[in-house]
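# here's my sequence, what's the structure:
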Amino acid sequence: MPSPSPTPPPTEIGFDPLVFWFHHQAKILMLAGLFLVAMAAYGAYEWAHTRKLNTSAAAFSSAKTDDDYRKVISDYSGTPAASNAQLLLANQLRNEGKFDESSSVLRDFIDKYPKHELISGAWTGLAANQEAQGKIDEALATYQKVSISYTTSFSAPVALLAQARILKAKGKTDEARRIYEQIMTQYQDSFIAQQAAMGNRQLKK
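A predicted model of the protein is given here:
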């Protein structure tokens with residue numbers, strides 16, 4: 001009697017894209033739709049954002065008066081043009097002798113843009129306003145904040161020089177001399193160092 005032939009192993013069924021599509025087409029279509037909506041929304045945002053940046057830059061470049069700068073700040077809040085307009089507005093107000101208004105604009109800038117690359121300049125401008133108004137102790141404290149908090153900024157040596165000038169005027173010559181010498185050591189061969197050397201020589205006289 002012949003022996004029964006062995007039963008062949010079951011054939012493994014591989015991935016069948018048609019079967020997968022049949023079972024999951026609703027989910028696939030839903031995900032594809034969501035993806036397309038997200039891409040459309042992102043594209044619209046990028047287009048609007050780019051357009052806002054371009055129009056704000058154009059408005060900033062043509063701004064000349066206080067009202068022009070205020071309009072850029074109001075219409076394009078959060079853009080580089082708006083932050084730059086605030087700094088120029090503060091400077092223009094200072095030049096017009098409107099120190100309180102200038103300081104208000106600078107404080108608003110400091111609150112809105114604490115990480116801005118020109119934040120040290122805003123603090124220095126605020127100190128300059130205080131000094132111009134005769135608020136000497138406030139100005140000295142603000143200049144000290146700049147030199148301590150923003151040691152690597154372009155404003156740090158300017159703030160140090162201003163501190164030395166104020167201390168010299170207050171008759172604190174030893175403190176002023178220390179700062180002049182600090183400037184000459186840290187910022188050799190710079191214009192600020194030359195100014196510090198001149199101030200130091202005047203102290204010795």
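
# the spatially most central residue of the chain: what's it in contact with?
The centroid of the chain falls nearest to residue 116 when counting by CA atoms, centre = their mean (1.5 Å). For residue 116, the contacting residues are 83, 109, 122, by CB atoms under 8 Å, 6 or more residues apart in numbering. All C-beta atoms are positioned from the backbone trio N, CA, C, and that covers glycine.

# next SSE downstream of the worst-scoring helix or strand of the chain on mean pLDDT?
Lowest by mean pLDDT, DSSP states H and E among the helices and strands of the chain is helix 17-62, with a mean of 62. Scanning forward in sequence from helix 17-62 by DSSP states H and E, the next helix or strand is helix 66-75.

# same for whichever helix or strand comes after that next one, what does it pack against?
Tracing the chain past helix 66-75, the next element assigned as helix or strand by DSSP H and E is helix 80-95. On a contact count with 3 or more CB pairs under 8 Å, 6 or more residues apart in numbering; DSSP states H and E, helix 80-95 meets helix 17-62, helix 66-75, helix 99-112, helix 119-132.

# low-confidence ranges, the protein, go.
Where the chain drops to pLDDT under 70, the residues are 1-16, 18-24, 27-56, 59-62, 205.

# domains in it, as residue ranges please.
43-116, 136-205 (automatic domain parsing).

# out of these, which comes closest to residue 26?
domain 43-116 (26.3 Å; CB to CB).

# so how far is that closest one off the chain centroid?
The chain centre lies 12 Å from the centre of domain 43-116; the measure is CA atoms, centre = their mean, to the nearest Å.

# again with stretch 136-155
18 Å.

# give me the contact list for it.
Against stretch 136-155 from outside (CB under 8 Å, 6+ apart): 119-121, 123-124, 126-128, 130-131, 156, 158-160, 162-163, 166-167, 169-170.

# go with 6 Å
Applying CB atoms under 6 Å, 6 or more residues apart in numbering, the contact partners of stretch 136-155 are 120-121, 123-124, 126-127, 130-131, 156, 159-160, 162-163, 166.

# mind telling me what element the residue nearest to residue 181 when sequence neighbours are not counted is part of?
Among residues not flanking residue 181 along the chain, residue 200 sits closest, at 6.8 Å (CB to CB, 6 or more residues apart in numbering). Element membership for residue 200, per DSSP H and E: helix 191-204.

# can you tell me which residues contact residue 124?
Contacts of residue 124 (CB under 6 Å, 6+ apart): 146, 155, 159.

# so residue 152 is in which element?
Counting by DSSP H and E, residue 152 is part of no helix or strand.

# tell me, how many residues neighbour it?
Residues lying near residue 152 (other CB atoms under 10 Å) number 6.

# with the one 4 residues further on instead?
In terms of burial, residue 156 registers 22 neighbours under the definition other CB under 10 Å.

# nearest residue to it other than its sequence neighbours?
residue 147 (5.1 Å).

# so that neighbour, which state does it fall into?
helix (DSSP: H, G, I helix; E, B strand; the rest coil).

# how much space is there between it and residue 154?
Distance, residue 147 to residue 154, by CB to CB, to the nearest Å: 12 Å.

# more neighbours, the two?
Using other CB under 10 Å as the criterion, residue 147 and residue 154 rank with residue 147 on top: 23 against 13.
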